[in-house]
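Engineer: can you look at this prediction? I've put the sequence above it.
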Amino acid sequence: MSTGPIRVLVVDDAVVARRLVADVLGGAPGIEVVGTASDGRLALAKLAATNPDVVILDVEMPVMDGMATLAAIRRERPRLPVIMFSTLTERGAAATLEALALGAADYVTKPASAGSAGLAMERVREELIPKVRAVTGRLPRHGAAAPARPRVAWPARPPQQPEIVAVGTSTGGPNALAALLAALPADLGVPLVVVQHMPPVFTRLLAERLAGKCRLRVAEGVPGATLEPGQVWIAPGDHHMLVVREGTAARLATNQDPQENSCRPAVDVLFRSVAAAYGGRGLAVVLTGMGQDGLRGCERLREAGGQVLAQDEASSVVWGMPGFVARAGLAERVLPLGQIADEIVRRVRAGPPPPLTLSTRSAGVTDQ
């Protein structure tokens, strides 16, 4: 890993936006803005001269827009991280989701036009700087500065077949969810509830895109909806989503309680509710993502006798969320993304497998 400053190329047709991003990043320790461009064609011409470690790319630009520029960057430099800088509109959200599918590493939404320049800079600073460091691998190895929690020896309990699967993810999540859900059968037999860190509009469009890619029914979460087998509910942006019991039925609830882990929706909120509603019959899956949202919720679920799976580092865009869970000893399996669907199916239909053999452990899969 390079030890020099992170070199950033900023691409946006709006002078004010370019200056805002350049000023925010240029004032951050360990980050250097090596160039700016007002359209995609100029940006491609500057790649060789500036040799950036990451590109901040506007979606809507003249001459050559963000989508065409992203496609060209992927051809020329397939491993160069690109963060989309998009508007918080339906059009901007749709374009951003398409960009993520085409290989963009992450995105940040532009501040609303209302409000002071200082507030706009602060919001961009809070969101963009950690993502620049995360997608370039310049965070500490496990994706956040907080120390790892010690492994916990969880009491042995008779295995229970899961009656619900709860999934939490962030950076890299849209593509990970698409791959995971597409690999699950229509007759899985349990509902799935998902938190993907995204703002309003984005979560609804994400649900619509996922619905077209898998055999399960996918929709944005609606308060009062009954959880049924084969249905996937995506937490709506700017709302926490919970599972609550009403007699023998389980339903969705949402609220706008304070953010947790700087997130709303938060994975911890959902996982805690699953632990309360389902106890040992809950299965949590933690996929790629920055930070440690989901860690406390997994603790609560394991205390209730539930099960936890985590995505491995090699297949994660950022091994923050799953890394914290794995290092705390909460995950019964740490698996490549391509193996998680099969593991979910096995557990839902037959319960957890017996303890791993020594030869299986040596292949890089962990167990309690």
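Structural biologist: Nice, thanks for sending it over.
Engineer: and the longest helix for the chain?
Structural biologist: Taking DSSP state H as the criterion, the chain has its longest helix at helix 117-135.
Engineer: to the chain's geometric centre, what's the distance from it?
Structural biologist: 17 Å (CA atoms, centre = their mean, to the nearest Å).
Engineer: what residues does the helix or strand that comes right after that helix touch?
Structural biologist: Sequence order places strand 164-169 as the next helix or strand after helix 117-135, per DSSP states H and E. With CB atoms under 8 Å, 6 or more residues apart in numbering as the test, strand 164-169 has contacts from 176-177, 180, 190-197, 227, 243, 250, 267, 270-271, 274, 277-278, 281-289, 293-294, 297, 321, 344, 348. (Each C-beta comes from the backbone N, C-alpha and C, glycine too.)
Engineer: which stretches of the protein form strands?
Structural biologist: Under the criterion DSSP state E, the chain contains strands at 6-11, 31-37, 54-58, 82-86, 106-109, 164-169, 192-196, 217-220, 231-234, 240-246, 249-255, 282-286, 307-311, 333-335.
Engineer: adding distance to Ala134, mean neighbour count and mean pLDDT, write the ones you listed out as JSON lines.
Structural biologist: Output for the strands of the chain, formatted as JSON lines (distance: least, CB to CB, whole Å; neighbours: other CB atoms under 10 Å; pLDDT from 0 to 100):
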{"stretch": "strand 6-11", "distance to Ala134": "11", "mean neighbour count": "24", "mean pLDDT": "97"}
{"stretch": "strand 31-37", "distance to Ala134": "13", "mean neighbour count": "20", "mean pLDDT": "96"}
{"stretch": "strand 54-58", "distance to Ala134": "10", "mean neighbour count": "27", "mean pLDDT": "96"}
{"stretch": "strand 82-86", "distance to Ala134": "10", "mean neighbour count": "25", "mean pLDDT": "93"}
{"stretch": "strand 106-109", "distance to Ala134": "8", "mean neighbour count": "24", "mean pLDDT": "92"}
{"stretch": "strand 164-169", "distance to Ala134": "14", "mean neighbour count": "27", "mean pLDDT": "98"}
{"stretch": "strand 192-196", "distance to Ala134": "16", "mean neighbour count": "27", "mean pLDDT": "98"}
{"stretch": "strand 217-220", "distance to Ala134": "26", "mean neighbour count": "18", "mean pLDDT": "98"}
{"stretch": "strand 231-234", "distance to Ala134": "22", "mean neighbour count": "22", "mean pLDDT": "98"}
{"stretch": "strand 240-246", "distance to Ala134": "23", "mean neighbour count": "20", "mean pLDDT": "96"}
{"stretch": "strand 249-255", "distance to Ala134": "28", "mean neighbour count": "17", "mean pLDDT": "97"}
{"stretch": "strand 282-286", "distance to Ala134": "16", "mean neighbour count": "29", "mean pLDDT": "98"}
{"stretch": "strand 307-311", "distance to Ala134": "15", "mean neighbour count": "29", "mean pLDDT": "97"}
{"stretch": "strand 333-335", "distance to Ala134": "19", "mean neighbour count": "22", "mean pLDDT": "96"}
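Engineer: turn those strands into a markdown table, including distance to Arg75.
Structural biologist: Output for these, formatted as a markdown table (distance: least, CB to CB, whole Å):
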| stretch | distance to Arg75 |
| --- | --- |
| strand 6-11 | 16 |
| strand 31-37 | 18 |
| strand 54-58 | 14 |
| strand 82-86 | 12 |
| strand 106-109 | 20 |
| strand 164-169 | 28 |
| strand 192-196 | 28 |
| strand 217-220 | 31 |
| strand 231-234 | 32 |
| strand 240-246 | 39 |
| strand 249-255 | 42 |
| strand 282-286 | 33 |
| strand 307-311 | 28 |
| strand 333-335 | 31 |
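Engineer: nearest to Arg204, out of the ones you listed?
Structural biologist: Checking the strands of the chain against Arg204 by CB to CB gives strand 217-220 as the closest, at 4.6 Å.
Engineer: and the closest one, what does it pack onto?
Structural biologist: helix 202-211, strand 231-234 (3 or more CB pairs under 8 Å, 6 or more residues apart in numbering; DSSP states H and E).
Engineer: so in that sheet, which strands flank that strand, and in what orientation?
Structural biologist: strand 231-234 (parallel) (DSSP bridges).
Engineer: hmm, who's touching the strand it pairs with?
Structural biologist: Under the criterion CB under 8 Å, 6+ apart, residues 181, 191-194, 196, 203, 206-207, 210, 214, 216-222, 225, 227, 241, 252 lie in contact with strand 231-234.
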